[in-house]
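>>> Generate a structure from the sequence data that follows.
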Amino acid sequence: MKRTSLFRRVKNAGCPVINLNAGHQTAVTVLSQEPGNDEAVREIPKEKSRKKRVNPSLDTEPNDYSCQNKSKSKLSFENLSKNLNKQENPKELAKKKTRAKVDLDSMKEELKQLEDPPETDVEKEISVNRLNYEFYDTPCEELAQNLLGKVLVRRLDNGSVLRGRIVETESYLGKIDAASHTFNNRVTPRNIPMYMLPGTIYVYMTYGMYFCFNISSGGKGAAVLLRALEPLENMEQMQENRLSLQKSKNKEKKTKDFRLHELCNGPSKLCTAFQIDRDCCKYSLCTWKKMWIEDDPNYPREDMRVIKTARIGIDSVGAEWANKPLRFYIYGNSSVSKRDKKSEENVVSDSK
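Here you go, the predicted structure:
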């Protein structure tokens, strides 16, 4: 656009115009248009800008990409290719592709224990026999076997108290265990409870609809999965909890009552029967008023025989860890989720 055309557009505006032309600044004052005023536009030259023009004839070093010499550098295929090759250095790419590891120290807020201890006399009385911190602060495999025969107690919001004997467990050893959520010290927002104090509740969802209940043990990132319970108290409420889930999934299909040994004979079944979900995460079984584990002095543990066998549903991690005998259950209990007859035969023959 020519300068005269620009002036015509703004001559009635009555405001100054700055025209940048080849490094020069010219102030233009537009006067109001009045009859007989031939001097409608007056240019007032200002001193030249101090900005120096770039001399294209200056030679620059091809690898100099500093801000000072950026305007002097010429864009050429040679320089561009050098820059691209520099970025595609395999060592540099390896550093960029390395997955960032989450530091446990940076997740202190996530590691805080949730507090909701017993307050009323009733709450304190019914949980007086709960197991303490020392019970859980043991190696994972040892805790998994010690839990057998103990009683899981759950106090629901409606005041109902459910009890079930632990008859089957699996141990997950942490960073060395390919089947563990914390394999190779993996840290995610989901598996944080596994790094918390022994006795911390860790509940995760599997297949997008079922929950599994774990307890952190001694050892970094190690935990025990509860696989099956033998119902002891308030089975009617367990039945109702199981049926309510069935009805929600099969609205048109008729549902039937579960047999007693089927109420909690699986990790997701016991979670449904005891109303255990992710809201239970990060609470401690040592202090939480809504769930704990207690000893049963009337249960003859000396007569209890423990079967050691492979864990279930982890074939994808490879034969080495899939076949390790890290699942434990009480021999002869009908609430066990899956029996291993070969291992049972070995235990029976050894006991004779």
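
>>> alpha carbons only for contacts and neighbour counts from here, please
OK.

>>> so where do the helices sit in the stretch 201-350 of the chain?
235-249, 267-273, 319-322, 341-351 (DSSP state H, counting those that start in this stretch).

>>> buried ones in the first one?
Judged by neighbour count using 16 or more other CA atoms under 10 Å, the buried positions of helix 235-249 are M235, M238, Q239, N241, R242, L243.

>>> Nearest to I312 among these?
The shortest approach to I312 among these belongs to R242, at 22.4 Å (CA to CA).

>>> Report the spatially nearest residue to N214, omitting neighbours in sequence.
Of all residues not flanking N214 in the chain, L225 sits nearest, at 4.3 Å (CA to CA, 6 or more residues apart in numbering).

>>> can you count the residues close to the one you found?
20 (other CA atoms under 10 Å).

>>> Over to the one 3 residues further on?
Summarising burial for A228: neighbours were counted as other CA under 10 Å, giving 29.

>>> Spell out which residues sit in contact with it, please.
A228 makes contact with I166, V167, E168, T169, C264, N265, G266, P267, L270, S335, V336, S337, according to CA atoms under 8 Å, 6 or more residues apart in numbering.

>>> per-residue confidence at it?
Note on A228: pLDDT of 98.

>>> What of K72?
46.

>>> cool, and E302?
pLDDT at E302 comes out at 89.

>>> Kindly report the same for K96.
48.

>>> ditto for E109
pLDDT recorded at E109 is 85.

>>> Repeat that for A13.
53.

>>> For the contacts of A228, which entry has the maximal number of neighbours?
Going by other CA under 10 Å, E168 tops those with 31 neighbours.

>>> surely that residue meets R327?
Yes - if you go by CA atoms under 8 Å, E168 and R327 touch, sitting 7.5 Å apart.

>>> coming back round to it: looking at the contacts of A228, which are in strands?
I166, V167, E168, T169 (DSSP state E).

>>> Redo the residues you listed as a markdown table? Include distance to R154 and pLDDT.
As requested, the ones in strands among the contacts of A228 are arranged in a markdown table below (distance: CA to CA, whole Å; pLDDT from 0 to 100):
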| residue | distance to R154 | pLDDT |
| --- | --- | --- |
| I166 | 13 | 98 |
| V167 | 16 | 98 |
| E168 | 18 | 98 |
| T169 | 18 | 98 |
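
>>> any chance of the residues you listed in JSON lines, plus distance to W288?
Conversion of those to JSON lines gives the following (distance: CA to CA, whole Å):
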{"residue": "I166", "distance to W288": "19"}
{"residue": "V167", "distance to W288": "22"}
{"residue": "E168", "distance to W288": "23"}
{"residue": "T169", "distance to W288": "22"}
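
>>> Is it correct that A322 is in contact with S180?
No - with contact defined as CA under 8 Å, A322 does not reach S180; the gap is 11.2 Å.

>>> now the strands: where do they sit in this protein?
16-21, 24-30, 41-45, 151-155, 161-172, 201-206, 210-216, 223-233, 291-294, 306-309, 327-330.

>>> Tell me which of these lies nearest to N191.
That would be strand 201-206 among those, by CA to CA, at 7.5 Å.

>>> re the thing from before, can you tell me how far the residue nearest to N214 sits from G218?
Relative to G218, L225 is positioned 14 Å away (CA to CA, to the nearest Å).

>>> In TSV, list the buried residues of helix 235-249 along with pLDDT.
Output for these, formatted as TSV (pLDDT from 0 to 100):
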residue	pLDDT
M235	97
M238	97
Q239	96
N241	95
R242	95
L243	94
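
>>> and of these, the nearest to D277?
N241 (12.7 Å).

>>> OK, contacts around the closest residue to N333 other than its chain neighbours?
Sequence neighbours aside, V167 is the residue nearest to N333 in space, at 7.2 Å (criterion: CA to CA, 6+ apart). Neighbouring residues of V167 by CA under 8 Å, 6+ apart: L148, G149, R227, A228, L229, E230, Y329, I330, N333, S335, V336.

>>> Most neighbours among these, which one?
Going by other CA under 10 Å, L229 tops those with 32 neighbours.

>>> Is that one in contact with L270, as I believe?
Yes - under the criterion of CA under 8 Å, L229 lies in contact with L270, with a separation of 6.7 Å.

>>> Overlap in contacts, these two.
By CA under 8 Å, 6+ apart, the residues touching both L229 and L270 are C264.

>>> remind me which residues of the stretch 1-150 of the chain are low pLDDT?
Low-confidence segments of the stretch 1-150 of the chain, defined by pLDDT under 70: 1-102.

>>> Apologies, that question was intended for the stretch 251-352 of the chain.
251-254, 351-352.

>>> Surely R155 touches I293?
No - between R155 and I293 there is no contact under CA under 8 Å: 11.6 Å.

>>> Same drill for these two, tell me which one is more crowded.
Set side by side, R155 and I293 show more neighbours around I293, with 23 against 19, by other CA under 10 Å.

>>> Spatially nearest residue to the more buried one (excluding sequence neighbours)?
L152 (4.6 Å).

>>> Check A273 too.
Distances taken as CA to CA, 6+ apart put M238 closest to A273, at 4.4 Å, once the chain neighbours are dropped.

>>> who touches the one you found in this structure?
Per CA under 8 Å, 6+ apart, neighbours of M238: L162, L263, T272, A273, F274.
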